[in-house]
Each structure stands twice: as C-alpha cells, then as structure tokens.
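A.B. asks: no sequence on this one, just coordinates:
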C-alpha cells in the first residue's frame, strides 16, 4: 500500500491567484520597460547601473511570486 503525503492546506485554484497573476504581469511589463531603457544607455553609465539593479529586484520578485503559485497548486 502506498501512502501519499497530505498537504497542510488544499491547493488553490489558478483563478483564485488573480492578484498574484496581476502582480506578475505588472512586473513583467516593468522588466521589459527597464530592458529597453537599459539598452539605450552607455555601458558604464551610473543610470544604467541603477536600472540594472532595479531589473534584478523586479526579476527576483517575479520569480518569487511564480514559485508561490507553483507551491499553491
């Protein structure tokens, strides 16, 4: 007999993750905007470094939200 581990909470349906999905969409749009702005700047400009840091933060947050959704399903 195979016993399956039970989750402590029931899985959440994808439709119930609309707020997380909306945040992911917003972050993706922000990331695309940052990539475009970064591409127009000189390689070692101070502004480019700042925008690249913001891009890394937005990417990390987007990945974190996607992981949360994956854990809930």
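C.D. replies: It's in. Predicted model, so just to flag it, every value in this text is computed and none were measured.
A.B. asks: dump the residue contacts of residue 65.
C.D. replies: 20, 23-24, 27 (Cβ atoms under 8 Å, 6 or more residues apart in numbering). (Glycine included, C-beta is placed from N, CA and C.)
A.B. asks: what about it, distance to residue 39?
C.D. replies: 25 Å (Cβ to Cβ, to the nearest Å).
A.B. asks: how many neighbours does residue 24 have?
C.D. replies: For residue 24, the count of nearby residues is 19 (other Cβ atoms under 10 Å).
A.B. asks: try the one 4 residues further on
C.D. replies: Residues lying near residue 28 (other Cβ under 10 Å) number 13.
A.B. asks: which residues does the residue lying closest to it once chain neighbours are set aside contact?
C.D. replies: Spatially, and ignoring its direct neighbours in sequence, residue 28 is nearest to residue 62 (6.5 Å; Cβ to Cβ, 6 or more residues apart in numbering). Residue 62 makes contact with 24, 27-28, 31 under the criterion Cβ under 8 Å, 6+ apart.
A.B. asks: what's the longest helix in this structure?
C.D. replies: Longest helix in the chain by number of residues, with DSSP state H as the criterion: helix 46-72.
A.B. asks: buried sites along that one?
C.D. replies: 48, 51, 55, 58, 62, 65, 72 (16 or more other Cβ atoms under 10 Å).
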